[in-house]
Structures are given as structure tokens and as C-alpha cells.
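**Student:** coordinates only, sequence not included:
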Ligand SMILES: NC(=O)c1ccc[n+]([C@@H]2O[C@H](COP(=O)([O-])OP(=O)(O)OC[C@H]3O[C@@H](n4cnc5c(N)ncnc54)[C@H](OP(=O)(O)O)[C@@H]3O)[C@@H](O)[C@H]2O)c1
């Protein structure tokens, strides 16, 4: 039986996570009715949490991280999928409960797969990945609640990160005036090139959270959580909407109810892991039609599989800017 390359996570005797570049055989793959030759994956914050063990996202050992996958179908017992089909898989527990995409091969459920739009390369699909799906779902929530760029500016927190950079780009593309919040002033020019109207530091979001602060934005896309999101809520205009999609600063939310009951603010969550397949197909086709490929390429770095472990360790400390694609095979 031929073996293949993968990043493996295991626990040492003290329960600490150990990550290494290793090899698996097909018998190691998990249950599923479709086998995949993985072409590319990505480095997401959740992969960083898995590799470092900082939060218990891994619930099966050993594990292969990688919550994003662009792959070619190599075998299928599912009538919807044939060898040679080009697919995208994000979420559904891969890299958490099911072996993930930092591996040359996978076996998965055909229910989890979406056809990769022909106009998106594997690198472009993974540059978007879970992050792009999350932002697109967040934008749909804003639309469904009736918010448009005419309502006022939008703020994006954690703007230099993967989700944040994509949010700046996709919101600006829709005509929003975007305030990008970043702790990395050196990223200002890049964020402006992605379409940010204004780039500010984290200072306005420091200190005690007031129940209500000066009204600044009609909408927010928050990737940071914790006190940052609480401050953002206190600064939304009446009727404003905050999309909560991240926890880069923590899982807590030290907020008051004042923005909700005195300004009619809404807080809306996005969970990209369980977005139904039909919606995913719709989102991927829309992203393929609309995304600005030059800006996407400018925010994307491509690394090899052996370098993914180091990138995952850096992402949880805010050390990665934009999106990082992992070339699992030669692309
Ligand atoms: N809901 C979902 O389905 C979903 C999907 C994808 C990702 N996420 C979540 O979204 C978040 C971002 O993911 P990502 O892959 O974009 O990670 P990332 O590239 O590391 O971006 C996170 C950004 O947050 C900012 N940040 C980090 N620590 C902070 C702190 N203590 N205080 C304030 N800002 C801080 C940094 O931005 P600056 O350097 O610009 O300040 C950092 O670049 C993560 O929490 C991830 O789990 C959720």
C-alpha cells in the first residue's frame, strides 16, 4: 500500500499537542464514500488552534488539520461524484473530528462536497476558502436585514487577517465605505489597496466598554470577539448590525444590552461549518463571478505542506497577514 504525506497532530503524555510532517496509508483514512487527491488547502485561525492546542478544537486523535480543501475526486460510491471532478470542501468538522486537508489524500462524505467553479483555480478557491464563505454569508445577512452602503460606513475588525482582509475587499467591492481596524499600522497601505476608506488602530476599542459610545458605523464585521466586539456594538448607529464571526481575542463578550434596547442594534452570528450545501454552491458561484482576482492574489501567499505547521503557530499570535494557501501537490 503506497503511503502519502500529511501533517499529523497527536497528544503527548501531558496532553500537549504535537504537530509533525509525516506519512499515512489509505487504511488510516476515515469513513466516507468519496476519495480525494487534495490539491490545495489553507491556513486558518482554527488550524492554528488545532496545531497549538490553544483551544480544544480537535476532538479525535491523531488528527490532520486543514479545514479548507480544493481536490480532485479519485474514487466515488456516490452517484453525484465521478473521478476527475474538481471539488471544494470546507468545514463539516474536517480538521476537528474528521481528518483534514493538510494531507495528499482524504476520504469524505459526498454530501460535504461542492463543485469548484471552473473559473476559480485551486489557489483562488483556497485563497477564499472558509474565510471567503464566512464573509459572503455575513454580507448576505446584512442584505437580508436590509442594510446597504447608503446606511453609512461599515467597520471590519482584525482587518489585516484572512477573514478581515477578505471582508474589506468584498465590502468595498459592494460600494461600502469601509473602516479597517488593525493593530498592525504597517498593513495600512495594503488595506487601502484592498478598498478600505479609513484604516484605524485598536485604540478606540481599548479600556472599559461604555454602554453607549459615539455612533460611528451602520454595520460591522467582527473577527475578534471579546472586548473589541463589545466596543463595536456600543458604537453602532441606530438600527446597526454587527456580524460576529470570530474569536481571535477570546470567546467572551463583555457587553451591555444598551445598544440592543436603546439603538435597536442587532448582533448576528455566522457559522460557516454547517452552511447547507445548496447555499454553499450559490455562494461559491457568486464569489467566482464577482471576486477581484488581482486583489485576491495580492493578499495571498502560497506555501508548501511542510511549512504549514509554522504558519499555523504564527496565525494564532496575529502573525499572518491576508490569506495563506497550502499547496499540497504541485499546482
Ligand atoms: N464563524 C465562522 O464560521 C468562522 C470562519 C472562519 C474564521 N472564523 C474566525 O474568524 C477569526 C479570524 O480568522 P482568520 O483565519 O482571519 O485569522 P487571522 O488571519 O489570524 O486574523 C485574525 C486577526 O484578528 C486580529 N487580532 C488577533 N488577536 C487580537 C487581539 N487580541 N485583539 C484584537 N485583534 C486581534 C489581528 O488583526 P490585526 O493584526 O489587523 O489587528 C489578526 O490578524 C478567528 O477567530 C476564526 O476562528 C470564524
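**Tutor:** Noted; the coordinates are in hand. Please read all numbers here as calculations on a predicted model, not as lab measurements.
**Student:** C-alpha only now, for contacts and for neighbours.
**Tutor:** Noted.
**Student:** Spell out which parts of this protein neighbour the ligand.
**Tutor:** The chain comes close to the ligand at residues 44-46, 130-131, 134, 158-164, 182-184, 223-224, 245-249, 270-273, 315-316, 318, 320, as judged by CA under 6 Å from any ligand atom.
**Student:** Type out the PyMOL command that picks the buried ones from those.
**Tutor:** Only the buried entries of these go into this PyMOL selection, using 16 or more other CA atoms under 10 Å:
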select buried, resi 44+45+46+130+131+134+158+159+160+161+162+163+164+182+183+184+223+224+245+246+247+248+249+270+272+315+316+318+320
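**Student:** Quick one: the helices in the stretch 101-250 of the chain, in order.
**Tutor:** Ranges of helices in the stretch 101-250 of the chain, per DSSP state H, counting those that start in this stretch, are 122-144, 162-173, 188-194, 226-234.
**Student:** What is the neighbour count of residue 96?
**Tutor:** 23 (other CA atoms under 10 Å).
**Student:** cool, the one 3 residues further on as well?
**Tutor:** Neighbourhood size, residue 99 [other CA under 10 Å]: 29.
**Student:** show me what contacts it?
**Tutor:** 29-30, 63-65, 106 (CA atoms under 8 Å, 6 or more residues apart in numbering).
**Student:** and if we set it to 7 Å?
**Tutor:** 30, 63-65 (CA atoms under 7 Å, 6 or more residues apart in numbering).
**Student:** Let me see the confidence value for the residue nearest the centre of the chain.
**Tutor:** Centroid check for the chain by CA atoms, centre = their mean gives residue 131 as the closest residue, at 2.6 Å. Per-residue confidence at residue 131 stands at 98 (pLDDT).
**Student:** Hmm, it is touching residue 163, no?
**Tutor:** Yes: when contacts are counted by CA atoms under 7 Å, residue 131 is listed as touching residue 163 (4.8 Å).
**Student:** can I see the domain layout of this protein?
**Tutor:** Taking automatic domain parsing as the reference, the chain has its domains at 3-116+299-327, 130-272.
**Student:** which sections of the stretch 151-300 of the chain are below the confidence cut-off?
**Tutor:** Applying pLDDT under 70 to the stretch 151-300 of the chain flags no residue at all.
**Student:** Tell me where it has strands.
**Tutor:** With DSSP state E, counting those that start in this stretch as the criterion, the stretch 151-300 of the chain has strands at 154-156, 178-181, 198-200, 217-222, 236-244, 266-269, 300-304.
**Student:** Mind putting those strands into CSV with mean neighbour count?
**Tutor:** Below are the strands of the stretch 151-300 of the chain laid out as CSV (neighbours: other CA atoms under 10 Å):
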stretch, mean neighbour count
strand 154-156, 28
strand 178-181, 26
strand 198-200, 17
strand 217-222, 27
strand 236-244, 23
strand 266-269, 16
strand 300-304, 17
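**Student:** Mind checking these for the one nearest to residue 38?
**Tutor:** Counting by CA to CA, residue 38 lies closest to strand 300-304 out of those; the figure is 12.9 Å.
**Student:** Partner strands of the closest one and their direction?
**Tutor:** strand 323-327 (parallel) (DSSP bridges).
**Student:** Please point out which parts of the partner strand sit buried.
**Tutor:** Residues of strand 323-327 classed as buried by neighbour count (16+ other CA under 10 Å): 323-327.
**Student:** again with stretch 162-176
**Tutor:** Those would be 162-172, 176, for stretch 162-176 by 16+ other CA under 10 Å.
**Student:** And that stretch, how far out from the chain middle?
**Tutor:** In terms of CA atoms, centre = their mean, to the nearest Å, the centre of stretch 162-176 is found 13 Å from the chain centre.
**Student:** Show me the contact partners of that stretch.
**Tutor:** Against stretch 162-176 from outside (CA under 7 Å, 6+ apart): 131-132, 135, 149, 153-154, 156-159, 178, 180, 194-196, 223, 321-323.
**Student:** run the last query once more with 8 Å
**Tutor:** 44, 128, 131-132, 134-136, 139, 148-150, 152-154, 156-159, 177-178, 180, 191, 194-196, 221, 223, 291, 295-296, 299, 321-324.
**Student:** now swap in stretch 247-260 and tell me
**Tutor:** With CA under 8 Å, 6+ apart, stretch 247-260 has contacts from 45, 158, 209, 211-212, 223-231, 233-234, 236, 265-266, 316.
**Student:** In it, which residues are buried?
**Tutor:** Those would be 247-249, 255-256, 259-260, for stretch 247-260 by 16+ other CA under 10 Å.
**Student:** Ok, stretch 64-78 next?
**Tutor:** So for stretch 64-78, counting by 16+ other CA under 10 Å, buried means 64-76.
**Student:** Do me a favour and average the pLDDT over it.
**Tutor:** Rounded mean pLDDT across stretch 64-78 is 98.
**Student:** now it, how far from the centre of its chain.
**Tutor:** Worked out by CA atoms, centre = their mean, stretch 64-78 lies 18 Å from the chain centre.
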